[in-house]
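[1] Predicted model and sequence follow; I will ask about them next.
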Amino acid sequence: MSDSLVDLARDSSAWPFQEARDLLEKRLGGKKPEKGYVLFETGYGPSGLPHIGTFGEVARTTWVRRAFQVLAPDMPTKLFAFSDDMDGLRKVPDNIPNKEMVRQHLGKPLTRIPDPFGTHESFGHHNNARLRGFLDSFGFEYEFKSATECYASGMFDHALKRVLECYDEIMAVMLPTLGAERQATYSPFLPVCPRTGVVLQVPVIHHDADAGTIVYVDPETGEKMETPVTGGACKLQWKPDWGMRWYALGVDYEMSGKDLIPSVDLAAKICRILGGTPPKNLSYELFLDDKGQKISKSKGNGLSVEDWLKYAPEESLALFMYQKPKAAKRLFFDVIPRAVDEYIAHVDSFHGQDDKGKFNNPAWHIHHANPPKGTSPLSFGILLNLVGVANTDDPDVLWHYIRNYAPDASPEATPFLNKLVSHAIVYYNDFVKPTKQFRKASEAELKALTDLRNQLKAAPAGAGAEELQNIVYEIGKAHAETFPGLRDWFKAQYEILLGQDQGPRMGSFFALYGVDKSVELLDRAIAGDDLGA
RNA sequence: GUGCCCGUAGCUCAGUGGUAGAGCAUUCGACUUUUAAUCGAAUGGCCGAAGGUUCGAAUCCUUCCGGGCACACCA
């Protein structure tokens, strides 16, 4: 039984299984690594707060890891979330307080810059905490690794000495990739200035593999400085750093955006020079905005995680990230409802599928083999329409409409639908409500509305939707010269009372909205108040 | 120039060797009285082009065509 599951997983065309299979067979040769576990890694830049790409990368890496665990259940795995918190800060980020204070520390490792937020030991620690909080909020399993700690603790010492031993070979790989200016000053080692604490980009004038040191000239004092490369006294330039880290930690799998393909190649070469085997890499496509432009934080286009989660549950974002990592996808508001509905469809089909089908179902991956039993009897698309048409941001009113369609649905019985209702309301408030355009009633329309107001007022207490609908209908007929077709009467009500050109069955609306409140609404319309205010 | 991705219905896209699909749009019908929703049905594709492999190709290979993106430094 378990054998056949392994076979199915091996043959599965789902990309996490394909990645896991390649990792197991090509990278590992089917054998457990000597370090005793298979290591997955995701990396984070120094200035970056967690963003939607971070989520995507960790989610995707986790899926490969889960798939791998099915293929090789007897091999332990780990996922390192590695923070480059020893990188020198290059420019002051826009979105932080105390910019002037931070400016005075430019060039220093992030972990040696005071926290501008004042909540942590350093700026680096602050960002790390944000990263961890972000990852934890999704329940990702990982081990956090800090570059600063790895360097300072001596964990990288052996590998750093190897870099020094292979100095010339590494320079020979790096130099041809650099412009002439950079070639003149390039060194894989960046000494941390003992005087100022700044990570220096200076030429190395001498290196001594036996002593484990390099010599450089302090750019301000002109003094020749000799420093060990170990123990945190030097940091590596990032491409050698990446290759060194793969070698030092024995990273078996790491994915990265396609803009990093040349860097991955270089880092892999360096890793091999050191005597290691580079990880299996997956280059995923970048995200585009609605106009097909690359999404970048500086441009501020595209969509943030917070934006997405405001309008839809995180499962839908996970599904979006699952789909076709190698195809460029547009990431903007309009893709959200579709992602939700496809998520629902996948979960609903899951439980009727055989094992092969389940392995191919995104829901298997998103939910770690255990998708929930039920989701929502209504699609998100329908719900969004409903919210717009029903013209309300009151969940209770919405549930009345929903029960017309799905009598068994309730906030308790269908919790996922309940979440969707909340999201749909936010969507309504942000996207539908602002587009409302109320118009004033004409003289003739005013007469009809006044009739309506008076008859609603006079309606027996507890009048139902049908009864109210009949009142509305009769008034429309009574004012036939104003409204040649009943359609015109209803259209007028939508435009004047609801600020939209379509709407709900008015009898139902008045019943749900409440006759008293409806009368108030009509009073305001008759008085000529601006209902959009 | 190098590399990657995409090209399937009007639109947005699923579909990695076995009878071409979904959603939206359009048209018609139902919901014993408006609209919308909902439900049912219909319409709609030479799967970018040409070769090749195969009993069989949207799918695999080759070459084109068209569109997009990445590739100094920094990360």
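    On my side now, so go ahead.

[2] For stretch A:136-149, report the contacting residues that lie outside it.
    Residues lying outside stretch A:136-149 but in contact with it, judged by Cβ atoms under 8 Å, 6 or more residues apart in numbering, are A:42, A:55, A:58-59, A:62, A:78-87, A:109-111, A:124, A:128, A:131-132, A:135, A:155, A:232, A:235, A:314. Using the backbone N, CA and C atoms, a C-beta is placed for each residue, glycine as well.

[3] buried sites along it?
    A:140, A:142, A:145-149 (16 or more other Cβ atoms under 10 Å).

[4] Pick out the residue in the stretch 51-200 of chain A sitting closest to RNA strand B.
    A:Gly179 (3.4 Å; Cβ to the nearest atom of the strand).

[5] That residue: neighbour count?
    Other residues within reach of A:Gly179, judged by other Cβ atoms under 10 Å, total 8.

[6] follow-up on the earlier one: show me which of the contacts of stretch A:136-149 are buried.
    A:42, A:55, A:58-59, A:62, A:78-87, A:109-111, A:124, A:128, A:131-132, A:135, A:232, A:235, A:314.

[7] pLDDT averaged over the helix or strand encompassing A:Ala20, what's the number?
    Assigned by DSSP states H and E, A:Ala20 belongs to helix A:15-22. Mean pLDDT, computed over helix A:15-22, is 88.

[8] from the buried residues of stretch A:136-149, which are also near RNA strand B?
    Applying Cβ under 7 Å from any atom of the strand, the subset of the buried residues of stretch A:136-149 adjacent to RNA strand B is empty.

[9] Among these, which are located in helices?
    Secondary structure from DSSP state H places A:147-149 of those in helices.

[10] What residues does the stretch 301-450 of chain A have near RNA strand B?
    Checking the stretch 301-450 of chain A against RNA strand B by Cβ under 7 Å from any atom of the strand, the hits are A:323-324, A:326-330, A:338, A:381-382, A:385-386, A:389, A:405.

[11] Give the bridge partners for A:Ala81, please.
    In this entry, A:Ala81 is beta-bridged to A:Thr42, A:Phe144, by DSSP bridges.

[12] Show me where chain A dips below the pLDDT cut-off.
    Within chain A, the stretches with pLDDT under 70 are A:1-3, A:46-48, A:290-302, A:389, A:404-405, A:502-503, A:512, A:532-533.

[13] how about the buried residues of stretch A:136-149, which pair is most distant?
    Longest distance between any two of the buried residues of stretch A:136-149 is 21.8 Å, between A:Phe140 and A:Thr148; criterion Cβ to Cβ.

[14] could you give the angle of the longest helix along chain A to helix A:15-22?
    Secondary structure assigned by DSSP H gives helix A:52-71 as the longest helix of chain A. Inter-element angle recorded for helix A:52-71 and helix A:15-22: 60 degrees (by axes from the mean of the first three to the mean of the last three Cα atoms, to 10 degrees).

[15] hmm, helix A:52-71 in reach of RNA strand B?
    No. Using Cβ under 7 Å from any atom of the strand, helix A:52-71 stays clear of RNA strand B, coming no nearer than 11.7 Å.

[16] same deal with stretch A:32-41?
    No. For stretch A:32-41, no contact with RNA strand B is found by Cβ under 7 Å from any atom of the strand; the gap never falls below 13.8 Å.

[17] Buried residues in that stretch, which are they?
    In stretch A:32-41, counting by 16+ other Cβ under 10 Å, buried: A:33, A:38-41.

[18] Stretch A:253-266 now?
    A:253-256, A:260, A:264, A:266.

[19] Restrict the residues you listed to those that also contact RNA strand B, please.
    Within the buried residues of stretch A:253-266, those near RNA strand B by Cβ under 7 Å from any atom of the strand are A:Leu260.
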